[in-house]
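K.L.:
The following block contains a protein sequence and its predicted model.
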Amino acid sequence: MGRYSSKNAFLNTSSWPTFFNKETIGIERNGIVIQQQETPNDPNSIIVLPVTLEAVKIMRMKGYNIVIFFNEPKIGRGELSIEHVEKSNQKLMEIFGNYGIQSITGLYYSTTNLKEDIY
């Protein structure tokens, strides 16, 4: 969890903000950032919605903090590993970087769908 960055970003960094002093915007990953699919944690099948890429890029350029969040109850049930989810998250960050989005503020997920879960 925390700040994610892309090593593959090709954007001219002189125009990228160095301090994000505006509010934080939270965005649901499944169905908003990536196209809804049966296996959203298959790194090879992630399809990021083009309108989302442009929106995140604009919001970051304007100085907003961006946090992406999602539930992944399959982890809590033992059907999916954290490592597998992290590979998908890294693929998402790679796609962001290739689009010129150098970083987001955070990426958080719950490992259950229980209301007692702190996330």
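P.N.:
That came in fine, so what should we check first?
K.L.:
Could you list the low-confidence segments of this structure?
P.N.:
1-20, 37-41, 117-119 (pLDDT under 70).
K.L.:
Mind jotting down where the helices sit in it?
P.N.:
With DSSP state H applied, the chain shows helices at 50-61, 73-76, 82-99, listed in chain order.
K.L.:
who wins for proximity to Ile34 among those?
P.N.:
helix 82-99 (6.9 Å; C-beta to C-beta). Any C-beta I mention is one placed from the backbone N, CA and C, and that applies to glycine too.
K.L.:
sorry, back to before: make TSV from the helices of the chain and add distance to Leu114 and mean neighbour count to it.
P.N.:
Shown next, in TSV, are the helices of the chain (distance: least, C-beta to C-beta, whole Å; neighbours: other C-beta atoms under 10 Å):
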stretch	distance to Leu114	mean neighbour count
helix 50-61	28	16
helix 73-76	8	16
helix 82-99	17	17
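K.L.:
Distance to Thr111 added to those helices, as JSON lines?
P.N.:
Below are those laid out as JSON lines (distance: least, C-beta to C-beta, whole Å):
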{"stretch": "helix 50-61", "distance to Thr111": "24"}
{"stretch": "helix 73-76", "distance to Thr111": "4"}
{"stretch": "helix 82-99", "distance to Thr111": "7"}
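K.L.:
the strands in this protein, which residues?
P.N.:
Per DSSP state E, the chain carries strands over the ranges 4-5, 24-28, 65-71, 103-104, 106-110.
K.L.:
now, of the ones you listed, which is deepest in the fold?
P.N.:
strand 103-104 (a mean of 21; mean count of other C-beta atoms under 10 Å).
K.L.:
so what strands line up beside that one?
P.N.:
strand 4-5 (antiparallel) (DSSP bridges).
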